[in-house]
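Trainee: any chance you can model this:
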Amino acid sequence: MILEGLLDFEWLNEPENVVLSNGQMSVEAAANTDFWQSVHHGLKKDNGSFFFKRTTNNFNLTLKWSFENAINFNQCGIMVRIDERNWFKASLMSADENHIEIGTCLTLSGHSDWAGAKIKRMPQEIYYKLKRQEDDFVCSYSFDGQNYVRLRQFYLKGADDELKAGAYIAAPQGQPFKAVLKEIIFK
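Mentor: Okay, here's the model as predicted:
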């Protein structure tokens, strides 16, 4: 991660514990934080931490997270956001070590959906890519940084306005969650 490239980035809900060292950013999400809007679950949370760059252009965003113990629905992933009622996120999500999913959430007009696919084991690191072409987006993931799998292609209405795109972290349950953002490339 080239630190000079981070000057254009800013935080939504900046976490208390952020350490820049050796070209990486260690981040600790506070307990009971998330991005989720659901009538079904009775939740409206917009208090996760989001490290982003503003843009009105097409872009390619690639990032790499490293972590341990991503259970209890702890998440570190990629996000694009118009506002608190319209956004997309992708991350690993797991209730425990035996039920691991890679998933996406598209929130439109304050209503979040969820689409997940089971994976066999919890990785120690993961890469995400998000490509924007006008109002169309493609999100992919990789465990090795070479072989990417498409997670979701989606349309985000209103994306012709300013967008915020970057990395997010959250700890929805009762314990903080620490992860390391090893790479973030915005082109």
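
Trainee: low pLDDT regions in this structure?
Mentor: Low-confidence regions of the chain, defined by pLDDT under 70, span residues 1-5, 39-41, 159-160.

Trainee: for the helix or strand hosting residue 52, name the packing helices and strands.
Mentor: With elements taken from DSSP states H and E, the one containing residue 52 is strand 49-55. With contacts taken as 3 or more CB pairs under 8 Å, 6 or more residues apart in numbering; DSSP states H and E, strand 49-55 sits against strand 9-12, strand 24-29, strand 75-83, strand 163-170, strand 177-186. (Each C-beta comes from the backbone N, C-alpha and C, glycine too.)

Trainee: and of the ones you listed, who's closest to residue 110?
Mentor: strand 75-83 (9.8 Å; CB to CB).

Trainee: mind listing what's buried along that closest one?
Mentor: Residues of strand 75-83 classed as buried: 75, 76, 77, 78, 79, 80, 81, 82 (neighbour count, 16 or more other CB atoms under 10 Å).

Trainee: hmm, the fifth one is touching residue 50, no?
Mentor: This points to residue 79. Yes. The pair residue 79 / residue 50 is scored as a contact, 5.8 Å apart, by CB atoms under 8 Å.

Trainee: identify the contacts common to the two.
Mentor: Both residue 79 and residue 50 are contacted by 35, 164, 166, 167, 168, under the criterion CB atoms under 8 Å, 6 or more residues apart in numbering.

Trainee: please verify my assumption that the first one contacts residue 43.
Mentor: No. Assessed by CB under 8 Å, residue 35 is found out of contact with residue 43, at 10.3 Å.
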